[in-house]
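>>> Generate coordinates for the sequence data below:
(4 chains)
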Number of protein chains: 4
Amino acid sequence: MIKVGIVGGTGYTGVELLRLLARHPEVKLTAVTSRKEEGMPVAEMYPSLRGWVDIAFSDPAKADLKQCDVVFFATPNGIAMSQAQALLDAGVKVIDLAADYRIKDVSTWEHWYGMQHASPGLIAEAVYGLPEINREQIRQARLIANPGCYPTAVQLGFLPLIEAGIIDTSHLIADCKSGVSGAGRKAEVHALFAEAGDNFKAYGVAGHRHLPEIRQGLARVAGHEVGLTFVPHLTPLIRGIHATLYARLNKPADIQALYEQRYANEQFVDVLPAGSHPETRSVRGANVCRIAVHQPQGGDTVVILSVIDNLVKGAAGQALQNMNILFGLDERAGLDVVPLLP
Amino acid sequence: MIKVGIVGGTGYTGVELLRLLARHPEVKLTAVTSRKEEGMPVAEMYPSLRGWVDIAFSDPAKADLKQCDVVFFATPNGIAMSQAQALLDAGVKVIDLAADYRIKDVSTWEHWYGMQHASPGLIAEAVYGLPEINREQIRQARLIANPGCYPTAVQLGFLPLIEAGIIDTSHLIADCKSGVSGAGRKAEVHALFAEAGDNFKAYGVAGHRHLPEIRQGLARVAGHEVGLTFVPHLTPLIRGIHATLYARLNKPADIQALYEQRYANEQFVDVLPAGSHPETRSVRGANVCRIAVHQPQGGDTVVILSVIDNLVKGAAGQALQNMNILFGLDERAGLDVVPLLP
Amino acid sequence: MIKVGIVGGTGYTGVELLRLLARHPEVKLTAVTSRKEEGMPVAEMYPSLRGWVDIAFSDPAKADLKQCDVVFFATPNGIAMSQAQALLDAGVKVIDLAADYRIKDVSTWEHWYGMQHASPGLIAEAVYGLPEINREQIRQARLIANPGCYPTAVQLGFLPLIEAGIIDTSHLIADCKSGVSGAGRKAEVHALFAEAGDNFKAYGVAGHRHLPEIRQGLARVAGHEVGLTFVPHLTPLIRGIHATLYARLNKPADIQALYEQRYANEQFVDVLPAGSHPETRSVRGANVCRIAVHQPQGGDTVVILSVIDNLVKGAAGQALQNMNILFGLDERAGLDVVPLLP
Amino acid sequence: MIKVGIVGGTGYTGVELLRLLARHPEVKLTAVTSRKEEGMPVAEMYPSLRGWVDIAFSDPAKADLKQCDVVFFATPNGIAMSQAQALLDAGVKVIDLAADYRIKDVSTWEHWYGMQHASPGLIAEAVYGLPEINREQIRQARLIANPGCYPTAVQLGFLPLIEAGIIDTSHLIADCKSGVSGAGRKAEVHALFAEAGDNFKAYGVAGHRHLPEIRQGLARVAGHEVGLTFVPHLTPLIRGIHATLYARLNKPADIQALYEQRYANEQFVDVLPAGSHPETRSVRGANVCRIAVHQPQGGDTVVILSVIDNLVKGAAGQALQNMNILFGLDERAGLDVVPLLP
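Below you'll find the model as predicted:
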């Protein structure tokens, strides 16, 4: 049994980790920490977990996380970077669901995240946890930087085109729509039901933190810098990201075949039949990215539709997929969830 | 392996049965029929089932349902009653998710459902599939009348009070709120997003089909007729029923203890701590009814809050629970789903 | 022109007052205060008001509210009670949209609102601003306690029955469902989209602040204390209150005629044809309460359905209606809004 | 007083026309037709109009529309084209809210709309009713082709850039998100609450009927054909369109100034401060298009955000604006509605 700890288990990525870990056959949940709710049974904050999770929140300062085999940080940005080293030194593997280790260039990270990095020495060894690209490095890693939600949908969407070298990577467009749970469980006015409900808007158009992360990932695959316009939008649904990606083809290709081949052996990426329109609800609660490719009106603009559940393949599900790889388990362990529809 | 057939698998109770059966360790899905979609892969209509359900819809007239061990009717009212006899004669067990066999008095049924019953001879042997009341009869049955959604939430909510004989059963009130999936996947104006979204209303106040079903069930427990005012409301959520039940106590009692004891051995009924406010989302996708009891301001009015997922404990989940009982399986088989929250 | 000031104009009742006042032919908006946003143009916080409201928020300490003819307090509880006296002394009429002056018994108020009343001497003269009951007192008043949202829907719903003396007032039931804007524009977890969306629950069952207010109002009409079980529920819609009221008739009556007569001359209360099911969206954005009466199955339980927009007839619209009465204007001035549907 | 008739007043554009016309000071509503609801009071189908609209639906075959000064067709595609000529001959002005006269090339129209045009002879004289471009022609017209919803948001969004000749018009991108009321009040499965709620997807990516309409409009302004990729998406909100437009600048420009100048005298187009993120709810119920321009990260991709209410500036509001222009009235008559927020 893998002894698992979760730091900061009170947010949405925390409750999602708990939902998935509760049914993982090889996991023993050892500690779930929260600074403010020490002593409260987890299922008291999350009644959906009654009968599934018995543990109570423990104080991060007192929880013996060094006894764990792996610790997930389901915390805001800037937390894991202060605690990872001690855990790694104790032989504990670390998976950070926040952004602390995602960006290789520390000054880029510090610029976008507005704080000084507490453990820049670990950035180089941290492995970006997108298995469909980095599976082998993940296998060998001690420290996983779990990708952001938008970056997961966008990178999986663009990947085959960039690998095939058939698009102009200087003017990529990612028009993304996310459900409100992506904002987290923080009490903020913009995320109120009466603000976000029956409403739609773009945000962060000038520049969003996920922009450097996506550019870094696409550049790695391309072998050179890419130009990307990334526009996120807040959508009145609870979960789900729908990325509509635009690129200009510079040589003709059978794009449907390209995607089917690239993801033929990826059980968590589902390439739909040509002409499909994937729905965010079709992946609700499950660790899968569904993709459809279009070349409207026979023009040279290719349109890729990529949907994920932001809390699952965009966060907790991907983290669990990475844990399974780290420990040599069936990648599907704990992730055998049929999406909930309607 | 239990060979399962589903008649009318294109509605919401159909897709829910498929979601749950897909992970049931003892089930082999043999046939899913649809008059209109013969030949279409089920996962084409329901992409959420891609990778989980391989089967295609078959024509009801041609599907060899007699080879099944059990057939679920996920059809509208008035269908199972014409097909059950032939299946029973062939040794197939039948579970009807519609109302055809729920009402013992055929003239009452015919009055409320506006059609002539096609197999009244089967009504007496049909067992009402509410396990928390009828488990033993279900075990012995051939034909299960799966309860309606509102009736499930209301009966489970009132049951302990009526069994204990501590309330005035002549003036019960059930104020119920349901998500729109309860209306089914039929194209009807009132169920459109632009009609039901951001809107709330009561309906069927003069009398709703579930009224005689609930009254029948409560009367059985009470040993006499009950007076019930049942007011359903259409709520802008996809799934969920919240029943707020009112009754007048006629003798003092420790109601919390009463409920905890009555449901102590019922894994699918969860009595919350006193003073709780169960949320419909806390049972989303799972086969559980959560209940909380209140006695506001110390008065003699007891208020019971009872929540279920209308498609799960209110339909497909309960049907699967009944199937497990019928075949002597672990009642939880295929129902080990952690509710999806947020 | 009536010079109007608004204290605390940054919440939802504030923006609704602004929306309605912007089109009022006799109003000159003089000041809108906010402690935190001094200097910010109102239309910067509320782009819906661009082109309609030119004013900027002013510091409450510096705004010269004594120059106004009337000041609306769109503040939380506990603010108006500290500022009203000074304004009244300066000849300014005061309309408080919060609860400060609604409860006649100060110890009851202090118990329910958890604070000491700052101006109990004004409580006796404050007039409860429900025009359909108190029009004449409102006309003469200096200080209006604008009713709460639930209390408006519930009192208007029960009023004709209690006035006619045909129900048992010892066991009234008000099962109420409200949209999330009723929680205000405060950043609180329970009001987040990801908490309240696609979810339904009761709250405050043990006792809600609106309980004493409703009981006080119904007792006045009844001439004696009433027994009321009031259960509010949080509903995933932005605006709207639907009150389902239950009472037992103690003498037969033509209830439809009773309601039609009682409200025949009330332009803001619309009694629907018998058997109707009023929808919250049918009053969206408008200052009207729609009511339908039912006597299901011919029993002695009468069911009243009463819907309002919590921000309009439940707050800002009613406040403007009261202002019109105070100043002898057409009661409809500024309230000629056609509800927005769909 | 202008005598107004509405053909097909039972859909959402119909009820919106009624909401706006009800408060228009110069309009007398003479007839509202519906094939199926002859005799039913309009306010019985739309209780929001109780007290505002007294008229009953009349049979289209019997309604004397020739007595009207103007007739609005709030019908599906293919209706106005069969009835317009007779009305025009009788001196009645015609405003079609459907697509019958929007496309100048009849074979293009017939290809996209899948039917033969019944009055191609009128296409040339029909004026495309986008006042911000065509005000003078509208003034002189007899027959107005009211624009589609997406085309309104997209054309107003791109217009200044194309007029200024500063973008590459060969690869424009319009990523559009619409509320579900855009699908109309037709009972169709995809528009059900349980299908569209808490869900997001693209549709019509291969080609949508609004594509030729938008291309025609942009080509007119550009003076040559344009290349456009138009991807619509179905969004879980009732009303609203948010168009995110992408174009590549081919010369530097002060885009903010360009937009402010172009729309300086257009009261129904509101150019927001640089860097804004317009929300669909900020225009809810009102006849206004709000636009914000961005040039993210200083690159050569300009991003335009354009929001409208699909039923108002995208349909009924624009139709009324056109009527006001046709009859030489204040363009704002009947359109003085403050958007409803929250």
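>>> Run through the residues of the stretch 101-250 of chain A sitting next to chain B.
Contact residues (Cβ under 8 Å from any Cβ of the partner chain) of the stretch 101-250 of chain A with chain B: A:181, A:185, A:197-198, A:238-239. (Glycine included, C-beta is placed from N, CA and C.)
>>> Select from the residues you listed the one having the most neighbours.
The residue in these with the most neighbours, by other Cβ atoms under 10 Å in any protein chain shown, is residue A:239 (30 neighbours).
>>> Could you confirm that one falls within a strand?
No: the assignment for residue A:239 is coil, going by DSSP: H, G, I helix; E, B strand; the rest coil, so no strand is present there.
>>> Contact partners for it?
By Cβ atoms under 8 Å, 6 or more residues apart in numbering or on different chains, residue A:239 lies in contact with A:179, A:181, A:280, A:284-285, A:309-312, B:342, D:198.
>>> which stretches of the stretch 101-250 of chain A have low pLDDT?
Within the stretch 101-250 of chain A, no range satisfies pLDDT under 70.
>>> of all the residues in it, which ones are close to chain D?
Those residues of the stretch 101-250 of chain A that sit near chain D, judged by Cβ under 8 Å from any Cβ, are A:171, A:173, A:175, A:177, A:179, A:194-195, A:197-203, A:205-207, A:211, A:227, A:229-231, A:233, A:235-240, A:242, A:244, A:246, A:248.
>>> Return a PyMOL selection command for the buried portion of these.
Here is the PyMOL command that selects the buried residues among these (16 or more other Cβ atoms under 10 Å in any protein chain shown):
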select buried, chain A and resi 171+173+175+177+179+194+195+197+198+199+200+201+202+205+211+227+229+230+231+233+235+236+237+238+239+240+242+244+246+248
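>>> Out of the residues of the stretch 101-250 of chain A next to chain D, name the ones that lie in strands.
Among these, the members found in strands (DSSP state E) are A:173, A:175, A:177, A:201-202, A:229-231, A:233, A:242, A:244, A:246, A:248.
>>> Identify the farthest-apart pair in these.
The largest separation in those, counting by Cβ to Cβ, is between A:201 and A:248 at 27.5 Å.
>>> Tell me the helix or strand right after the helix or strand where residue A:19 lies.
Here residue A:19 sits within helix A:12-21, counting by DSSP states H and E. Downstream of helix A:12-21, the next assigned helix or strand under DSSP H and E is strand A:27-33.
>>> Tell me how far that next one lies from the chain's centre.
On the basis of Cα atoms, centre = their mean, to the nearest Å, strand A:27-33 sits 21 Å off its chain's mean C-alpha point.
>>> Likewise for stretch A:320-336?
Here stretch A:320-336 is found 15 Å from its chain centre; the criterion is Cα atoms, centre = their mean.
>>> try stretch A:210-224
Using Cα atoms, centre = their mean, the distance from the centre of stretch A:210-224 to the centre of the chain it belongs to is 15 Å.
>>> For that stretch, which residues meet the burial criterion?
A:210-218, A:220-222.
>>> Could you export those residues as JSON lines, including secondary structure and distance to residue A:10?
Output for the buried residues of stretch A:210-224, formatted as JSON lines (DSSP: H, G, I helix; E, B strand; the rest coil; distance: Cβ to Cβ, whole Å):
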{"residue": "A:210", "secondary structure": "helix", "distance to residue A:10": "23"}
{"residue": "A:211", "secondary structure": "helix", "distance to residue A:10": "28"}
{"residue": "A:212", "secondary structure": "helix", "distance to residue A:10": "28"}
{"residue": "A:213", "secondary structure": "helix", "distance to residue A:10": "25"}
{"residue": "A:214", "secondary structure": "helix", "distance to residue A:10": "28"}
{"residue": "A:215", "secondary structure": "helix", "distance to residue A:10": "32"}
{"residue": "A:216", "secondary structure": "helix", "distance to residue A:10": "30"}
{"residue": "A:217", "secondary structure": "helix", "distance to residue A:10": "29"}
{"residue": "A:218", "secondary structure": "helix", "distance to residue A:10": "33"}
{"residue": "A:220", "secondary structure": "helix", "distance to residue A:10": "34"}
{"residue": "A:221", "secondary structure": "helix", "distance to residue A:10": "36"}
{"residue": "A:222", "secondary structure": "helix", "distance to residue A:10": "39"}
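>>> ok, of the residues you listed, which one's closest to residue D:298?
residue A:211 (12.9 Å).
>>> so who does that closest one touch?
Residue A:211 makes contacts with A:112, A:228, A:230, D:297, as judged by Cβ under 8 Å, 6+ apart.
>>> can you check residue A:63 too?
Here residue A:63 is in contact with A:5, A:31, A:33 (criterion: Cβ under 8 Å, 6+ apart).
>>> burial of residue A:107, as a residue count?
By other Cβ under 10 Å, the residues close to residue A:107 number 10.
>>> Same check on residue A:311?
Using other Cβ under 10 Å, residue A:311 is surrounded by 31 other residues.
>>> before we move on, what about residue A:121?
10.
>>> try the one 4 residues further on
Applying other Cβ under 10 Å, we find 13 other residues in the vicinity of residue A:125.
>>> Residue A:274 now?
16.
>>> Okay, and the beta partners of the residue nearest to residue A:175 when sequence neighbours are not counted?
Spatially, and ignoring its direct neighbours in sequence, residue A:175 is nearest to residue D:175 (4.1 Å; Cβ to Cβ, 6 or more residues apart in numbering or on different chains). Partner residues in beta bridges with residue D:175, using DSSP bridges, are residue D:231, residue D:244.
>>> Tell me how many other residues crowd residue A:3.
When counting by other Cβ under 10 Å, one arrives at 16 neighbours for residue A:3.
>>> Surely residue A:206 and residue D:293 touch.
No: with contact defined as Cβ atoms under 8 Å, residue A:206 and residue D:293 do not form a contacting pair (11.6 Å).
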